[in-house]
Every structure is written in C-alpha cells, then in structure tokens.
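**Student:** I'll drop the sequence and a predicted model, then ask my questions.
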Amino acid sequence: MKRIVSIQDISCVGKCSLTVALPIISAMGVECGLVPTAVLSVHTAFDSFTFDDLTDQIEPISKSWKDNGVKFDAIYTGYLGSFEQLELVSRFFDDHKGDDTLIFVDPAMADNGALYKGFTPEFARAMGAVVCSKADIIDPNITEAAFMLGAEYREEGSYDEGYVRELLQGLHGLGAKKAVLTGVSLKEGECGVYGLDGETGEYFSYFNELVDARFHGTGDVFSSTAVGALLNGLPLERALAVAADYTVASIKTTIGHADHNWYGVDFEAEIPYLLKLIGK
Ligand code: PXL
C-alpha cells in the first residue's frame, strides 16, 4: 500500500487540514501518516480558538521514523503556523525524500485577497522561498500566489490568462517543478485550475461551472484528493480534474443540506462519488 505523510494542523472541529486529509486519503486506499503541527479547538476563521503549538514534535517524530525505517511515497504539507515550522518542514523534505517521493505543497494561508489571521506578507514570501521551492507540485490559490510572489492581487473578473500565466511562471521560478493555481475564473460562470509543467513548459487547465458559495477547507479537500489520486496512479491533469469534480460535488451537496455548517463542506457524503471517479 502506498503511504503519504501529511504535515499540517489538527483543527479539532472545522473540517479542514488533517480532519479532511486523513479520511479522504484513507478512503482512496492510501495510508495516511501525519505530523500534527498544532492542535486548535476550531480553525482560525472562528471568532475564538485554542492553539497548542507542536513545533517541538516535528524533529523527534522525523527522527523516530528514520530510526524505524519508515518511508513515504509522498509528503503533503498544508497549513503551517510559523517561520520555524517552515524551516523544519524544509529539513523534513531533505531527510525523507527518496528518489520517488512526491513533494506536494498546499501553501494554505490566504483566500479572497486576504491572509488568514496571524500571517504576514513576510511569512508568505518565506513559504514560497523555503517550502514551495523544494516541491514537485504546489497548488496555491490566486491570493496565496500573489502574496508569495509579492505580486498584485487581482479579483475574479479583473484578470486574464496573461495574469494567470505570469503568476505560474513566478511560482515555477521559486523552484517548484509544477505549479497549479486553484480558483481560477477566466469566463463568467466558470471556475477551475490552471497549471504549468515547468519541466515541459506546457500549460494545462480544467474548468467546472462556478458554484456561488464559499466554504473553508475546500482547498484542503482539493489538495488531499489530488495527492490521493496521484498515488492511485492517475496522471497529474486527471488527478486535478478528479479533485475539482469531487470538491464541486461536495460544495453542491453541502448547500443542499438544510442544516449545513458555515465552516466546512460535507465531503463525507460524496466519498462514494470520489471512489467512482478513481475507478474503485
Ligand atoms: O486550510 C484551511 C485552514 C487550515 N488550518 C487552519 C486554518 C485554516 C483556514 O482558516 O485556520 C488552522
């Protein structure tokens, strides 16, 4: 069985980060190990939350895995909370990357033109320079890409394909082999992903109808699914399409649930659909 390690926080309630990655990756038939970087009662979009930093656990866990000969087919990082964590994660890549280990980085730290609580533009630049630079694949949204590059942020409807390609070139320039922008809209009523394979110089894209609703954690649903699909042997473009279709289905189902939460999507209800998408 393939094995992923996901490095990000546990928001105990909130449907994001590890409480999304674990069930989705497991459902896809891939083992999901984890390095919890912090424990929060709820994610930071809530008005108040507890936050217990687990930075001091990263190196001992890493060393224990080395001692025990534990190896990973992919390292998947999400929300990281401090400059020190960026450095430790970068070192983790060096210590655990084998010849065939995929490094997938979702620099989860911003959306809709704004950084999440507690982050600064300097932190975003460091996420780009220290962590994304070592990745095989990164999948920021447009806000995250703009902050990492110190580029102008443009809203939906006020950018064109040239802007998207410029951001992608910038992201590849950070060192990431392949860069994928999420939440890209080039035509009214459409939303999707637009990527650059830095090794071949080719662009690719995949669009769905735009669902006019925003929930936290959808980026984590997307990234977890994309990594899971890649480890199921799907090529990158197909893995991204599966991740996009499943995320959209989860959002639509959530809206259809009269008692739905504001803070996350009901991705659990669409797991049978996800398995069908990957032929399981
Ligand atoms: O990826 C979303 C996310 C993950 N983890 C924490 C968050 C958020 C979004 O706000 O606050 C702690």
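**Tutor:** That came in fine, so what should we check first? Numbers count the residues shown, from 1 in each chain.

**Student:** What helices and strands are in contact with the host helix or strand of residue 75?
**Tutor:** Assigned by DSSP states H and E, residue 75 falls within strand 74-77. Applying 3 or more CB pairs under 8 Å, 6 or more residues apart in numbering; DSSP states H and E, we find strand 74-77 packed against strand 3-13, helix 83-96, strand 102-105, helix 218-231. For glycine as for every other residue, the C-beta is placed from the backbone atoms N, C-alpha and C.

**Student:** Tell me which of the ones you listed sits most buried.
**Tutor:** helix 218-231 (a mean of 27; mean count of other CB atoms under 10 Å).

**Student:** Read off the pLDDT value for the residue nearest to residue 177 when sequence neighbours are not counted.
**Tutor:** In this structure, residue 177 finds its nearest non-sequential neighbour in residue 136, 5.0 Å apart by CB to CB, 6 or more residues apart in numbering. pLDDT, residue 136: 98.

**Student:** Likewise for residue 153?
**Tutor:** 98.

**Student:** in a helix, that's where it is, yeah?
**Tutor:** No. Per DSSP: H, G, I helix; E, B strand; the rest coil, residue 153 lies outside any helix segment and is coil.

**Student:** What's the local residue count around it?
**Tutor:** Other residues lying near residue 153 total 17 when counted by other CB atoms under 10 Å.

**Student:** now residue 99
**Tutor:** 4.

**Student:** can you check the one 10 residues further on too?
**Tutor:** The criterion is other CB under 10 Å. On that basis, residue 109 has 23 neighbouring residues.

**Student:** So the closest residue to it other than its chain neighbours, which state does it fall into?
**Tutor:** Distances taken as CB to CB, 6+ apart place residue 119 nearest to residue 109, at 5.0 Å, with adjacent residues excluded. Assigned by three-state DSSP, the conformation of residue 119 is coil.

**Student:** Right, I'll leave it there.
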